[in-house]
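Undergrad: take this sequence and fold it.
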Amino acid sequence: MSLWPKELVQYHGLFMLIFVLGIGGSFQYGFHISVINSPSQFVKSFINDTWMHRYDLPVTDNSLRLLWSFIVSSYCIGGLLGSLGSGYLSSKYGKKRCLLCGDVIPMVAALLMGLSPTAKSFEMILIARLLYGINAGFGLNIHSQYAGEIADKKLRGFTSISISIFVTTGKLAGQMLGLREILGIESQWCLLLALSGFWALAQMVTLPFFPESPPYLLMEKKDKDGCIQALKQLWGDRDHQKEIDEMLQEQASRRSSRSLTVLELLREPSLRWQLYMLLALTIALQLCGMNAVYFYAVEVFKAAGFQDKEIPYLTVGIGACESASVILCDMFSWMPYCSVILLFMYTLSFGIGASATTIPISLEIFSQEARAAAMVIVGVLNWLGLTIIGMVFPFVVAAMEQFCFLIFLFITAVCGTFLYFYLPETKGKSWLQIKEDFNKYNFKNQLCIKDQPSVNAISTRL
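TA: The predicted structure follows:
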């Protein structure tokens with residue numbers, strides 16, 4: 001029997017937990033980024049009908065635009081709030097318990113969304129979107145921490161990359177379910193936007209059968225027996241003493257028995273260059289132009305010359321690569337198709353690079369005590385980036401027109417160059433080995449002084 005089938009059997013518990021974490025974690029984040037596009041006209045029509053029912057007047061264009069922007073942006077606001085609270089809660093109560101409690105949030109939001117037509121209340125949609133955002137910000141951070149802690153060293157990259165896989169799968173699912181052949185019709189829009197409750201219910205039912213992360217059990221709860229049992233369930237029934245020894249070594253290097261806060265992480269000299277890497281990775285991810293392209297895909301394809309009935313299928317194709325992109329076209333009829341080809345190439349490179357590696361590397365370069373605070377920083381930067389791009393990019397386009405993406409080119413080039421020269425390889429290394437690589441930068445001045453040859457003064461006095 002080959003190695004891969006053996007690993008499938010040995011790590012079957014790990015692979016099942018990866019799926020359970022994903023369906024209620026980063027999948028939700030990706031799903032709600034894309035799913036709101038398809039029913040947008042139906043939701044706007046519902047707002048207008050509700051306004052007519054209340055005031056016997058149609059809603060004005062400015063009021064409708066303002067209400068719609070609140071509904072869309074409330075998701076980002078909720079995501080920011082969820083990210084801010086995830087570090088403290090996951091450190092105190094554990095990842096498993098936090099995810100299970102967090103699953104209640106989208107279930108309540110789905111109920112509000114599904115009942116909004118009956119109640120004739122567009123405010124319920126806004127509140128539901130806010131709750132979806134809180135769950136997405138909360139779940140994305142905790143899912144990332146959980147996945148980063150449950151993987152064996154040789155499967156750490158695969159497990160961490162699964163976070164990005166579920167993000168893109170969620171985006172694609174939102175696009176496909178929004179097609180008019182499935183749920184993209186006026187009578188089904190509230191069901192489409194309420195589906196998130198089903199994903200949350202699926203995680204709530206299945207996650208109790210899996211253990212808490214082994215490092216949390218050993219290093220936070222001092223439960224060695226529970227840690228061993230968790231390792232056997234996830235990695236197979238074998239001797240795990242080597243892995244436990246590595247966790248104990250990491251625990252011995254900690255400065256205190258509790259996890260670092262965000263402020264403590266920002267002030268910690270031994271983690272300074274890890275923070276620089278984190279900032280460069282997150283900025284490259286958010287400001288590479290992908291989100292700007294994704295948010296305005298419909299308008300871009302209209303400008304390229306495609307018909308309205310063709311656009312949903314093009315966005316689904318782009319979602320299969322990662323998201324949407326834009327290439328301005330000229331007057332030739334075949335140019336839009338060239339743009340789509342370039343679009344796919346662009347999204348594939350994004351999926352292989354920034355999308356797939358940012359979270360895994362961010363998890364690997366921080367220890368157990370700093371990981372929760374680091375993911376809070378990632379979450380805050382992520383949601384701020386989404387909000388800023390969504391608000392600012394239209395004005396950048398108006399000012400720079402076809403040259404608007406040169407800004408993203410410059411940012412990506414700077415971040416890429418910095419990471420190329422200073423980010424050490426993390427594949428196959430323990431956290432202590434990665435820490436030693438960063439100590440060369442964090443304590444460069446001390447090392448230089450230490451390496452200097454000693455000078456002995458010789459007295460010339462007789």
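Undergrad: pull the contacting residues for the closest residue to Ala147 other than its chain neighbours.
TA: Once flanking residues are discounted, Ala147 sits nearest to Thr159: 5.3 Å by C-beta to C-beta, 6 or more residues apart in numbering. (Each C-beta comes from the backbone N, C-alpha and C, glycine too.) Contact partners of Thr159, counting by C-beta atoms under 8 Å, 6 or more residues apart in numbering, are Leu14, Ile18, Ala147, Gly148, Ile150, Ala151.
Undergrad: before we move on, which element is the fourth one in?
TA: I take that to be Gly148. Assigned by DSSP states H and E, Gly148 belongs to helix 123-150.
Undergrad: against Gly139, how distant is the closest residue to Thr387 other than its chain neighbours?
TA: Counting by C-beta to C-beta, 6+ apart, Thr387 lies nearest to Cys76, which is 4.5 Å off, once chain neighbours are set aside. Using C-beta to C-beta, to the nearest Å, Cys76 is found at 15 Å from Gly139.
Undergrad: what about the nearest residue to Leu207 once chain neighbours are set aside, neighbour count?
TA: Closest residue in space to Leu207, ignoring its immediate chain neighbours: Val20 at 5.4 Å, by C-beta to C-beta, 6+ apart. Neighbours of Val20 under the rule other C-beta atoms under 10 Å: 19.
Undergrad: so which strand or helix has Val20?
TA: Going by DSSP H and E, Val20 is in helix 12-24.
Undergrad: what's the next secondary structure element after that helix?
TA: Tracing the chain past helix 12-24, the next element assigned as helix or strand by DSSP H and E is helix 26-34.
Undergrad: related to what we said a few turns ago, tell me which of Cys76 and Gly139 has more neighbours.
TA: Between Cys76 and Gly139, Gly139 has the larger neighbour count (other C-beta under 10 Å), namely 29 against 24.
Undergrad: how close does the nearest residue in space to the more buried one that is not next to it in sequence get to Ile361?
TA: Spatial nearest neighbour of Gly139, excluding adjacent residues (C-beta to C-beta, 6+ apart): Gly25 at 4.7 Å. Gly25 sits 18 Å away from Ile361, going by C-beta to C-beta.
Undergrad: again with Thr60
TA: The value you get for Thr60 to Ile361, if C-beta to C-beta is used, is 48 Å.
Undergrad: between these two, who's got more neighbours?
TA: More crowded of Thr60 and Ile361, by other C-beta under 10 Å: Ile361, with 20 against 11.
Undergrad: which SSE is that one in?
TA: Element membership of Ile361 [criterion: DSSP H and E] is helix 354-364.
Undergrad: give me the helices and strands touching the following helix or strand past that helix, please.
TA: For helix 354-364, the following helix or strand on the C-terminal side (DSSP H and E) is helix 368-400. For helix 368-400, the elements it packs on are helix 61-93, helix 123-150, helix 241-252, helix 262-267, helix 272-286, helix 290-295, helix 354-364, helix 406-422, judged by 3 or more C-beta pairs under 8 Å, 6 or more residues apart in numbering; DSSP states H and E.
Undergrad: redo the ones you listed as a markdown table? Include distance to Phe198.
TA: Output for the helices and strands packed on helix 368-400, formatted as a markdown table (distance: least, C-beta to C-beta, whole Å):
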| stretch | distance to Phe198 |
| --- | --- |
| helix 61-93 | 18 |
| helix 123-150 | 13 |
| helix 241-252 | 36 |
| helix 262-267 | 34 |
| helix 272-286 | 29 |
| helix 290-295 | 24 |
| helix 354-364 | 25 |
| helix 406-422 | 36 |
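Undergrad: kindly reformat those helices as CSV containing distance to Gly385 and mean pLDDT.
TA: Written out in CSV, the entries for these read as follows (distance: least, C-beta to C-beta, whole Å; pLDDT from 0 to 100):
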stretch, distance to Gly385, mean pLDDT
helix 61-93, 10, 84
helix 123-150, 13, 90
helix 241-252, 31, 81
helix 262-267, 17, 82
helix 272-286, 3, 83
helix 290-295, 7, 60
helix 354-364, 12, 69
helix 406-422, 11, 83
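Undergrad: Phe31: which of the ones you listed is closest?
TA: Evaluated with C-beta to C-beta, the helices and strands packed on helix 368-400 place helix 123-150 nearest to Phe31, the distance being 8.7 Å.
Undergrad: widest-spaced pair of the contacts of Thr159?
TA: By the measure C-beta to C-beta, the contacts of Thr159 have their two most distant members at Leu14 and Gly148, which lie 12.6 Å apart.
Undergrad: quick one, what contacts Leu99?
TA: Leu21, Gly24, Gly25, Gly139, Ile142, His143, Tyr146, Gln203, Leu207.
Undergrad: now do the contacts for the fourth one.
TA: Listed by C-beta under 8 Å, 6+ apart, the contact partners of Gly139 are Gly24, Gly25, Ser26, Gln28, Tyr29, Gly82, Leu99, Gly102.
Undergrad: please redo it, this time with the cut-off set to 10 Å
TA: By C-beta atoms under 10 Å, 6 or more residues apart in numbering, the contact list for Gly139 reads 21, 24-29, 79, 82, 86, 98-99, 102-103, 105-106, 146, 200, 203.
Undergrad: ok so, going back, just the buried residues of the contacts of Thr159.
TA: Neighbour-count burial (16 or more other C-beta atoms under 10 Å) applied to the contacts of Thr159 gives Leu14, Ile18, Ala147, Gly148, Ile150, Ala151.
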